[in-house]
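Asker: okay, here's the prediction I keep looking at, along with the sequence it came from:
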Amino acid sequence: MIIGLTGSIASGKSTISAMLKEKGFPIIDADLVARQVVEPGTANLQEIERVFGHVVMNEDGTLNRDSLGQLIFHDPAKRKQLNDLMHPAIRNEMLRMRDKLFEQGQKTIIMDIPLLFESRLQHFVDKILVVSVTEEMQLHRLMKRNSLSKEEAETRIQSQLPISEKEKGADAVIYNNGSIDQSKVQLESILVEWDI
Ligand SMILES: CC(C)(COP(=O)(O)OP(=O)(O)OC[C@H]1O[C@@H](n2cnc3c(N)ncnc32)[C@H](O)[C@@H]1O)[C@@H](O)C(=O)NCCC(=O)NCCS
Ligand SMILES: Nc1ncnc2c1ncn2[C@@H]1O[C@H](COP(=O)(O)OP(=O)(O)OP(=O)(O)O)[C@@H](O)[C@H]1O
């Protein structure tokens, strides 16, 4: 069985994913895969430099993530260009990892996919677990974690579907406004309900 873990930016997916990892579930993390597919020397990174310019590169040849983020979160056309370039590579690598884990005999796999709904990847997974927070809390945590201004954080939040829409497509929702322990209790009861 594949559990799709999703939510919105800074809603707490990584926090819940860490709890699932601690319980022994294998995790395929789309954000991590998205870093692997643009490592120095990859054709993807060369293409990103060609399309977005030298400004998105660090001197050591790695991707300047802040600079690329500034470009794509403010501009839907550029975001689409980046998505079109990277998403097929991310998807292929995630499927390869999934197949390998099943071959190794794993029964339940977690796929942490921030853009599961935006990219219409619902068919990748058997159950969808959404990590939700109020917009106020999301803004607060995002500004704090990424040291962003209110305006920058709002721009990033608006680049994704509203969390209320994602809740509608969920098999279960964790409301992560309270403490981490309160979210853990919710996770545990969902795992019992799903018998995993
Ligand atoms: C723009 C980049 C370089 C910014 O890097 P940075 O280290 O600042 O952020 P990070 O990768 O940790 O992403 C943080 C969060 O931003 C959100 N996010 C990232 N990319 C996108 C996008 N294209 N559209 C909407 N939200 C996005 C996700 O919620 C993600 O969890 C990076 O996010 C990226 O390469 N994005 C394109 C690939 C992608 O779509 N990744 C999302 C998972 S598939
Ligand atoms: N219940 C909580 N109480 C306090 N802080 C929290 C809680 N849950 C998450 N956080 C903090 O909020 C921030 C966002 O959480 P996290 O990184 O897990 O979100 P995410 O959904 O994985 O984000 P992204 O989409 O950007 O990858 C982090 O700094 C995290 O430590």
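Answerer: In hand now; what should we look at? Ligands and ions are numbered 1, 2, ... in the order given.
Asker: SS state for the most centrally placed residue in the chain?
Answerer: In the chain, the residue lying closest to the centroid (C-alpha atoms, centre = their mean) is P114, at 2.7 Å. Under DSSP: H, G, I helix; E, B strand; the rest coil, the three-state class of P114 is coil.
Asker: what of K107?
Answerer: At K107 the chain is in coil, as set by three-state DSSP.
Asker: contact partners for it?
Answerer: Shown in contact with K107 (C-beta atoms under 8 Å, 6 or more residues apart in numbering): M1. Every C-beta, even on glycine, is put in place using the N, C-alpha and C of the backbone.
Asker: same deal with the one 3 residues further on?
Answerer: Applying C-beta under 8 Å, 6+ apart, we find I110 in contact with 2-3, 5, 17, 20-21, 25-28.
Asker: which one in the chain is furthest away from the centre?
Answerer: E59 (27.1 Å).
Asker: circling back: same list, the contacts of I110, but as a markdown table with secondary structure, pLDDT and neighbour count please.
Answerer: Shown next, in a markdown table, are these (DSSP: H, G, I helix; E, B strand; the rest coil; pLDDT from 0 to 100; neighbours: other C-beta atoms under 10 Å):
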| residue | secondary structure | pLDDT | neighbour count |
| --- | --- | --- | --- |
| I2 | strand | 98 | 16 |
| I3 | strand | 98 | 23 |
| L5 | strand | 98 | 27 |
| S17 | helix | 98 | 20 |
| L20 | helix | 98 | 19 |
| K21 | helix | 98 | 15 |
| F25 | coil | 98 | 18 |
| P26 | coil | 98 | 18 |
| I27 | strand | 98 | 18 |
| I28 | strand | 98 | 22 |
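Asker: just confirm F102 is within a strand.
Answerer: No: counting by three-state DSSP, one finds F102 to be helix, located in no strand.
Asker: leaving out the residues flanking it, which one is nearest to it?
Answerer: I109 (7.3 Å; C-beta to C-beta, 6 or more residues apart in numbering).
Asker: surely that neighbour touches P26?
Answerer: Yes: with contact defined as C-beta atoms under 8 Å, I109 counts as touching P26 (5.4 Å).
Asker: which residues do these two both contact?
Answerer: With C-beta under 8 Å, 6+ apart, I109 and P26 have common neighbours L101.
Asker: what about K168, how many residues nearby?
Answerer: The number of residues packed near K168 is 10, by other C-beta atoms under 10 Å.
Asker: gap between it and D99?
Answerer: 30 Å (C-beta to C-beta, to the nearest Å).
Asker: again, but for I27
Answerer: As judged by C-beta to C-beta, I27 and D99 stand 16 Å apart.
Asker: and what of L187?
Answerer: 26 Å.
Asker: which one of these two has more residues nearby?
Answerer: Each of L187 and D99 has its neighbours counted (other C-beta under 10 Å); L187 has more, 19 against 10.
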